[in-house]
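> need a structure here:
(one chain, ligands or ions: 2)
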Amino acid sequence: MALIVQKYGGTSVGSIERIKNVARRIIATKHQGNQVIAVLSAMAGETDRLLKLAEQLEFDPEKINEREMDVLVSTGEQVSIALMSMAIETVGEKACSFLGHQIQILTDDEYTQARIERIDPERIHKALYDGYIVVIAGFQGIDKEGNITTLGRGGSDTSAVAIATTMKADLCEIYTDVDGIYTTDPNICHQARKLAKISYDEMLELASQGAKVLQIRSVEFAKKYGIPLHVRSSFSADEGTIVCQEDKSMEKAVVSGVAANKNEAKITIHGIPDRPGIAATIFSSIADRGIVVDMIIQNISEEGLTDLTFTVPKDNYQYSLSIINDICRQIGGKNVLGDEKIAKVSIVGIGMRTHANVASRMFSALARENINIMMISTSEIKVSCVIAEKYTELAVRVLHDEFQLDKDPDYKE
Ligand code: ASP
Ligand code: MG
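Ligands and ions are numbered 1, 2, ... in the order given. Predicted structure coming up:
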């Protein structure tokens, strides 16, 4: 008998009809001789609806009561697990729902962004042993004081992986509204191809570069504990994509995916003194306000002055600009310029480690379309370029083409 954890996202449980459809799937899995734990998100749109209710209170964003935010947004999942358990029971199977505190999903006390530290397997084991399908609320836990915490947007993925780890599950399936991980967003590029498998590291890079299928932390967790994830659709029986440890066959593809991210803006400070401590002053003033800087470029200095360009999330753009304007005055810099109309396109692939010229092929492909590159950053398995936002879709298609991502690498050589 295998133990299977199935996570269903908001769209998969977005209506009573869909809840019934998922209930049938869960029951079918049980009838094949398995034990099943289902981890659910809130019904589609519910978490956003709750957040909007709180927004109407018009509180000062600096003074958000995050403890109460978590009490609020964790309610969405309570609704979906109760409805799912009832839907399963109407078909004559036994089901039992659990909230985070009932199975001691212990987290740290970072409200709205908490990390899971431990889960108590006892009650889940008992329910499974007694023949129940176990239905667990994703996205939530409690801190050691018993306060309700949530795990960040998309956090049910991480709940599912953590539960699969604790319960030593044989399989962790992530059911979502797309049928797997694609070489790029199929809405942008019709040639996008579904990948049969992808390594944890590639998935992590793609997720942090803008692919939204899995919460990043869930992939980190899966990687740490070596749990393969099967990302698939709850609307079809097709196989999806396995996210797993890398193997030799994966290196055949030089590039596995192209991602685009329009959620960043860039800021340049001109004419700042080039001396020790300046970069530290600038970036600590931003980091202290919880703003995450992504790319950074510093120019060669001329006559003791230099320029610094970096990117921040678009949501933090205005705030960052005002901070940087102040800093610029303090350190005697010339001026500050910003640009919100940028995008970052990235190519990702573990094959880059063993193939030369990948970056130059990327730059040439963009150049052929007259797309100017404003910033570049690289890692062992990724090259990213910042370009003008209006060229995003074109750049994605051009890169998809250049690296022949429409073809399965097995048929290439
Ligand atoms: N309901 C939460 C959200 O919308 C968590 C999740 O769906 O994974 O972000
Ligand atoms: Mg999700």
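> quick one: contacts for the residue located most distally from the centre of the chain?
Most distant residue from the mean C-alpha position of the chain: Glu303, 43.3 Å away (CA atoms, centre = their mean). Contact analysis of Glu303 by CB atoms under 8 Å, 6 or more residues apart in numbering lists nothing. Where C-beta positions appear, they are placed from N, C-alpha and C, glycine not excepted.
> And it, how close does it get to Gln330?
From Glu303 across to Gln330, the span is 21 Å (CB to CB, to the nearest Å).
> Kindly report the same for Asp201.
Relative to Gln330, Asp201 is positioned 40 Å away (criterion: CB to CB).
> Of these two, give the one with the bigger neighbour count.
Counting neighbours by other CB atoms under 10 Å for Asp201 and for Gln330 shows that Asp201 has the greater number, 20 against 11.
> residue closest to the middle of this structure?
Central residue of the chain (CA atoms, centre = their mean): Gln215, 3.2 Å from the mean position.
> Phi first, then psi, for that one.
Main-chain torsions, Gln215, degrees, to the nearest 10: phi -70, psi 140.
> so what's it closest to, chain neighbours aside?
Gly154 (3.7 Å; CB to CB, 6 or more residues apart in numbering).
> cool, Glu66 as well?
In space, and not counting its chain neighbours, Glu66 is closest to Tyr111: 3.6 Å by CB to CB, 6+ apart.
> can I assume the residue nearest to the centre of the chain is in contact with Thr158?
Yes. Using CB atoms under 8 Å, Gln215 makes contact with Thr158 at a distance of 5.5 Å.
> shared neighbours of these two, which are they?
Contact with both Gln215 and Thr158 is made by residues Leu151, Gly152, according to CB under 8 Å, 6+ apart.
> quick one, helices of the stretch 1-150 of the chain?
16-31, 46-55, 66-73, 75-90, 122-129 (DSSP state H, counting those that start in this stretch).
> Skipping adjacent residues, who's closest to Thr183 in space?
Spatial nearest neighbour of Thr183, excluding adjacent residues (CB to CB, 6+ apart): Leu405 at 4.0 Å.
> Sketch out the low-pLDDT regions of the chain for me.
By pLDDT under 70, the low-scoring segments of the chain are 410-413.
> Quick check on the closest residue to Ser301 other than its chain neighbours: phi, psi?
Nearest residue to Ser301, sequence neighbours excluded (CB to CB, 6+ apart): Asp274, at 3.8 Å. Reported as degrees, to the nearest 10, the phi and psi values for Asp274 are phi -90, psi 80.
> who's in contact with Asp274?
Asp274 neighbours (CB under 8 Å, 6+ apart): Ser301, Gly304, Leu305, Thr306.
> How many residues are close by the last one?
I take that to be Thr306. 20.
> out of everything not next to it in sequence, what's closest to it?
The shortest distance from Thr306 to any residue other than its chain neighbours is 4.3 Å, reached at Asp274 (CB to CB, 6+ apart).
> State the distance from the one you found to Ile381.
According to CB to CB, Asp274 and Ile381 sit 32 Å apart.
> and what of Asn65?
Here the criterion is CB to CB. By it, Asn65 lies 41 Å from Ile381.
> And Thr47, by the same measure?
Separation of Thr47 from Ile381 (CB to CB) stands at 32 Å.
> Tell me the bridge partners for the closest residue to Glu77 other than its chain neighbours.
Distances taken as CB to CB, 6+ apart put Ala137 closest to Glu77, at 3.7 Å, once the chain neighbours are dropped. Beta-bridge partners for Ala137, by DSSP bridges, are Leu40.
> cool, the one 5 residues further on as well?
Taking DSSP bridges as the rule, Ile142 bridges to Leu106, Ile148.
> Could I get the contacting residues of it?
So Ile142 contacts Gly100, His101, Gln104, Ile105, Leu106, Thr107, Ile148, Thr149 (CB under 8 Å, 6+ apart).
> all helices of the stretch 201-350 of the chain, in order?
In the stretch 201-350 of the chain, the helices defined using DSSP H, counting those that start in this stretch lie at 216-225, 278-287, 317-331.
> Show me the one of those that comes nearest ligand 1.
Of all the helices of the stretch 201-350 of the chain, it is helix 216-225 that lies closest to ligand 1, at 9.1 Å by CB to the nearest ligand atom.
> elements contacting the closest one?
With contacts defined as 3 or more CB pairs under 8 Å, 6 or more residues apart in numbering; DSSP states H and E, helix 216-225 has these neighbours: helix 156-166, helix 200-208, strand 229-233.
> which one of those is the most hemmed in?
Among those, the stretch with the highest mean neighbour count (mean count of other CB atoms under 10 Å) is helix 156-166, at a mean of 27.
> okay, the angle between it and helix 75-90?
Between the axes of helix 156-166 and helix 75-90, defined by axes from the mean of the first three to the mean of the last three CA atoms, to 10 degrees, the angle is 60 degrees.
> I'd like to know if helix 156-166 reaches ligand 2 anywhere along the stretch.
No. Judged by CB under 5 Å from the ion, helix 156-166 makes no contact with ligand 2; its nearest approach is 5.9 Å.
> now what about that helix, what contacts it?
5-7, 9, 37, 39-41, 77, 105, 116, 118-119, 121, 124, 136-141, 151-152, 169, 171-172, 174, 214-215, 217-218, 221-222, 225, 227, 229.
> Of those, keep whichever come out buried.
Among those, those that count as buried by neighbour count (16 or more other CB atoms under 10 Å) are 5-7, 9, 37, 39-41, 77, 105, 116, 119, 124, 136-141, 151, 169, 171-172, 174, 214-215, 217-218, 221-222, 227, 229.
> Which members of these additionally contact ligand 1?
Counting by CB under 6 Å from any ligand atom, Gly9, Ser41, Gly138, Phe139 from these sit close to ligand 1.
> And the furthest pair within the residues you listed?
Spatially, the most separated pair among those is Gly9 and Phe139, at 10.8 Å (CB to CB).
> Quickly list what's touching both of the two.
Ser41, Ser156.
> Show me what from the protein comes close to ligand 2.
Neighbours of ligand 2 within the chain, by CB under 5 Å from the ion: Gly9, Gly154.
> now do 6 Å
By the rule CB under 6 Å from the ion, the part of the chain lying against ligand 2 is Gly9, Gly154, Asp157.
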